[in-house]
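A.B. asks: Requesting a structural model of the entry that follows:
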Amino acid sequence: MKHFLRHCGLGLLFGLCALSAHAQDYRIGYVNTDRIFREANAAKAAEAKLQQEFSRREKDLVDQGNALKAAADKLDREGPTLPDSQRIARQKQLMDQDRDLQRKRREFQEDLNARKNEELQQLLDRANKIVRQLAIADKYDVILQEAVYINPKLDITDKVIAALNASGPGSAGSGSTGSK
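C.D. replies: Predicted structure coming up:
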C-alpha cells in the first residue's frame, strides 16, 4: 500500500510539473463578482434605485408594526379590567392584524428580492460582456469567476469595475444591455 501511494504521489508530482510547464503558454485571469456587486458605480446606483423604490413600502410596514405593538401594549395594560368578551375580541383582532402584517412583510421581501435579482442580473450581464471584451483585447485564454485560491496578479476585477464605471453608473437598469 505504501508503494502504491508513493507511486501515485510521484506520478501526481510529475504530472503537475508537466502541467505547470504547459500552463505557462496560457494567459489566465480572474474576476471577483462579489467585488463588482459591491464597488461598481452601476451596482451602487442600482442599490440606491431599489432603496428609493421600496423605502415607502418598508416605512409603511414599520409603521404598521409599531401600531400593532402599541395596540398589543394597550391590551396588556387594559386587559385585566376588560370584560372577557371584549378582551377576547381584541386579542383576535390583534392576531388577525399580526397575521396580515406578516403576510405583507413576506410579500415585500419577495418583491424586494425579485427586483434585486433583476438588477444584479443586468449588472452581471454587462460585466460579462466587458469581461469578454477584455479577454479578446488582452488575449486571455481563460477568465475564471470562482476559485479557491487565486494569485492577486491574475485578478482583473479592477479593470472590469473601471470599464463598468466608464460606461455609465446608472445604465445597469436603463435598458442599455439590449442595444448592440
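A.B. asks: helices and strands of the chain: which one has the lowest mean pLDDT?
C.D. replies: One helix or strand of the chain scores below all others by mean pLDDT, DSSP states H and E: helix 2-23, with a mean of 52.
A.B. asks: for this protein, what spans make up the strands?
C.D. replies: Along the chain, counting by DSSP state E, strands occupy 28-30, 142-144.
A.B. asks: Which positions in the first one come out as buried?
C.D. replies: The neighbour-count criterion (16 or more other C-beta atoms under 10 Å) identifies 29-30 as the buried residues of strand 28-30. Any C-beta I mention is one placed from the backbone N, CA and C, and that applies to glycine too.
A.B. asks: Quick check: mean pLDDT of it?
C.D. replies: Strand 28-30 shows a mean pLDDT of 94.
A.B. asks: Now the lengthiest helix in the chain: average pLDDT?
C.D. replies: As assigned by DSSP state H, the longest helix anywhere in the chain is helix 84-137. Mean pLDDT, computed over helix 84-137, is 96.
A.B. asks: count of neighbours near the nearest residue to A163 once chain neighbours are set aside?
C.D. replies: Distances taken as C-beta to C-beta, 6 or more residues apart in numbering place I130 nearest to A163, at 4.6 Å, with adjacent residues excluded. By other C-beta atoms under 10 Å, 21 other residues sit near I130.
A.B. asks: show me the contacts for I130.
C.D. replies: Residues near I130 by C-beta atoms under 8 Å, 6 or more residues apart in numbering: 160, 163-164, 167.
A.B. asks: Around the residue nearest to A46 when sequence neighbours are not counted, count how many other residues there are.
C.D. replies: Leaving aside its sequence neighbours, A46 sits nearest to E119 (C-beta to C-beta, 6+ apart; 4.0 Å). Counted with other C-beta under 10 Å, the neighbours of E119 add up to 21.
A.B. asks: do you know how far S55 is from K49?
C.D. replies: Counting by C-beta to C-beta, to the nearest Å, the gap from S55 to K49 is 11 Å.
A.B. asks: if you count what's nearby, which of the two comes out ahead?
C.D. replies: Taking neighbours as other C-beta under 10 Å, S55 and K49 compare with K49 leading, 15 against 10.
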